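>>> any chance you can model this:
(chains A and B)
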Amino acid sequence: MKILSIETSCDETAAAVTDGRRVLSNVVYSQVLLHKKWGGVVPSIARKAHEERIDFVINDALKKTARHSGRSEATDRILTKNRSYREHSSLQDDKRSRISNFDIRAYMNNIDYIAVTYGPGLAIALEVGINKAIELAKMYKKKIIPVNHMEGHIYSSFAQNSASNPKRPFEFPYLALLVSGGHTELVLWEDHLKFKILGQTVDDAAGEALDKASKMLGFGYPGGALIEVLAKKVNNKDFYKFPRPMRGSKDLNFSFSGLKTSLYYLLKDMNEREKISKLNDLVSSFQEAVFESIIIKTRKAIEQTGVKKLVLGGGVSANKRLRNLLRDLAKKHSGNVLFPAKKELCTDNAAMIGVAAFYKAKAGIFVKNFKTFERQPRLSINSKS
Amino acid sequence: MRLIKLTPQNTKEIVRHTAKVLKKGGLVVFPSDTVYGLLVDATNKQAVDKLIEFKERPAGKAISIFVSDMKMLKKIVKINNTKINLLNNILPGPFTVVLDYDKKYSKFKLSKNLMSEKNTIGLRFPFYSLINSLIAEVKKPVTATSANLSGGNPAYSISALLHRISKKKKDMIDLVVDGGKLPRNKPSTVVDLTSEKIKQLRMGDLSLFGNYKYISKSEEGTKKLAKVILKDNIKETENKSLVYILKGPLGAGKTVFAKGLGEYLGIKNIISPSFVIYYEYVIQTQSEKRKAKPRLDRGKKMVHADLFNVRDEEEIKHLGFEKYIKPGNIICIEWGEKSSNLVKSLSSKSKVIYVDISYDGGDRRKINVSSVGKKI
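From the prediction side, this is the model:
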């Protein structure tokens, strides 16, 4: 079952073609370079960029399926300054031609369904993906599979390359831990498409906490990756013993907002020289506080549910320190932990949407009425019971 | 006379250019948080005299000045701690504060003609980033009188102003910055702080005594305050939207305040919107107190935004906030002060409430609430 999937829930414009769990192409038009220039997520550019880039990204995802067929790797990441992409086609040219129907019709004929993220996320960004999905669905008479962005992250560890690796059979139930710049959730994954949120952040997401700490310490965006590198220099030691928010609470919710306050007061009493000389110690301690809070709640979730198999997803799941802490945790409980096989599958991407969509299509979940199909910015993953 | 239209794209350039004209002693018509203002370098005697001639201002009548921040204000007038506390309470905002001027104390040599007969000076530190950045660029105080002839009506648009004055007067103006039609905010409230007893000399949109300062001792306290303020203002949503502009450093509790608003509106799943810029919620249930007006609730939305990650004002235009400006909707914007244009466009069709949260040791927070318009 070949699915063209579209993902525009925040600032990445992404499209992919999947066949079951196999990823045939996975294209992300990254805005990281723009971020660096602007110092943050750029919403309007995000909207404009989604509109300008979505055709290009979809075309590219479709074309790559043909080009890469028979090859084991099919994941591509396009950056604005990537030379090979420039040679391939310039964005200007592509904008002029938009989707050439003649050009992609052949590819679209091989596609069975179109999948699209309809939430959670930024309303104006989600709209772009949904509108495009509807346009293509009408043009090529395809059904649309609506996918929750978080479902995508949950399934991301089960995405395979075109040679069907890694194998990873499903062994339900799992505990899914989703950690990114916008989300922090613990989900009990009982079976395909059966989800129950056990806990989630009540304020900031874990990745956001790291990004904001990085901002408070004066470095650029994105800060999380830099923090990982600096913390490693001091062996991830905890020097400042920041509080572990919500440690004592019985529920499995997270809170990271208070850590900013702790950091604020700590920095207030330091002069610039101290801040610079203690930078690695500061970021390492902060990262430990964030990650240990995650570990504490994940441990609780294991104890409460008895489920020892963990699945990780989201941008922060690429962080090696967090991976090691989770491996240790799983080991202690004689369980195991699965991570997305590639970094590109951790951060926002459309391939994971396609994989989740495959199981939704098998369950017969399609958009019934295009007219009433709308984005849901605060969509929850909880299954209706 | 040169006329430039203000656009989000040329803001920085206009600020730079206007500062240059002012430094050379030029007379500039410029938008402000209240009405169009007449700006000259307040330390340039010739420029001030030109302004007085333009306005046909009787001698001895004071002309107030803009400062860029509290730091500049303190360099001009000597004030004790009690007054600093009071000023921190109301500034930046639509107030003119009248204080004693001591030539020997002031780091800026202001033209004598700006003072009143009693040697007092009126100072303005507006909640308006365009003026704030202009004065910061000039690095000197600049006059803040309204762009009209003495005794005439204040101007809210350039065409209304130019229509009223003679060619000769027009020739006296060096630069006009057209910021479009300004929302009809009244001129600032003038507060006399020269004696022990505080006097309000002219009443603008905001009363000194309608500005509130609270202390919250916990997150719960902050949420509770949010609910109380919303409850007092919920009636306003019958015919307009309600906009909260939340200010304060990272970790001060802006999202906590938004959660308090949400709880009052039956929304329990508010989280930080920093990553996606904004989340939209449907106002679903009614608080008991709102039961009398259930029709208000149908399909109404709460938008919770965070402009922290937005660096360029140009970006904000495209966020689509305008479509949420409808009666019954509640829009809550963290770091909203980053965009004076946004606040301006929202305030023409909404009631805007400013909430400024600052650290006060441990879990304590100072929360300053003010609003242009009626009592909060």
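>>> now the strands for the stretch 201-350 of chain A?
Assigned by DSSP state E, counting those that start in this stretch, the strands in the stretch 201-350 of chain A fall at A:309-313, A:336-338.
>>> helices or strands up against the longest one?
To tie it back to what came earlier, the one meant is strand A:309-313. Here strand A:309-313 touches helix A:149-155, strand A:174-179, helix A:320-332, strand A:336-338, going by 3 or more CB pairs under 8 Å, 6 or more residues apart in numbering or on different chains; DSSP states H and E. Quick note: C-beta positions are derived from backbone N, CA and C, even for glycine.
>>> if we use 6 Å, what do you get?
Counting contacts by 3 or more CB pairs under 6 Å, 6 or more residues apart in numbering or on different chains; DSSP states H and E, strand A:309-313 packs against strand A:174-179, strand A:336-338.
>>> buried deepest among these, which one?
strand A:174-179 (a mean of 27; mean count of other CB atoms under 10 Å in any protein chain shown).
>>> the inter-axis angle of it versus strand A:309-313?
With axes from the mean of the first three to the mean of the last three CA atoms, to 10 degrees defining the directions, strand A:174-179 sits at 30 degrees from strand A:309-313.
>>> ok, then the element right after strand A:174-179?
Next helix or strand after strand A:174-179 toward the C-terminus (DSSP states H and E): strand A:184-191.
>>> tell me which strands that next one pairs with, and in which orientation.
According to DSSP bridges, strand A:184-191 forms sheet pairs with strand A:174-179 (antiparallel), strand A:194-200 (antiparallel).
>>> pipe those strands into JSON lines and attach mean pLDDT per row.
Formatted as JSON lines, the strands paired with strand A:184-191 follow (pLDDT from 0 to 100):
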{"stretch": "strand A:174-179", "mean pLDDT": "98"}
{"stretch": "strand A:194-200", "mean pLDDT": "96"}
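>>> what are the buried residues along stretch B:193-200?
Residues of stretch B:193-200 classed as buried: B:Leu193, B:Thr194 (neighbour count, 16 or more other CB atoms under 10 Å in any protein chain shown).
>>> okay, it in CSV with CA atoms only?
Extracted C-alpha coordinates of stretch B:193-200, given in CSV (Å, rounded to 0.1, in the frame of the first residue of the first chain):
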residue,chain,number,x,y,z
LEU,B,193,4.0,64.6,41.4
THR,B,194,5.6,67.8,42.6
SER,B,195,3.9,67.9,46.0
GLU,B,196,3.0,65.3,48.5
LYS,B,197,-0.5,65.1,47.3
ILE,B,198,-0.8,63.6,43.9
LYS,B,199,-3.0,65.5,41.5
GLN,B,200,-4.4,64.5,38.1
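>>> for it, what is the average pLDDT?
Mean pLDDT, computed over stretch B:193-200, is 80.
>>> same question for stretch B:322-339.
pLDDT averaged over stretch B:322-339 gives 87.
>>> retrieve the pLDDT associated with the residue in the stretch 151-300 of chain B that chain A sits nearest to.
Using CB to the nearest CB, the single residue of the stretch 151-300 of chain B nearest to chain A is B:Gly251, 3.1 Å away. The per-residue pLDDT reported for B:Gly251 equals 89.
>>> go ahead and confirm it touches A:Tyr264.
Yes. Counting by CB atoms under 6 Å, A:Tyr264 is a contact partner of B:Gly251 at 5.0 Å.
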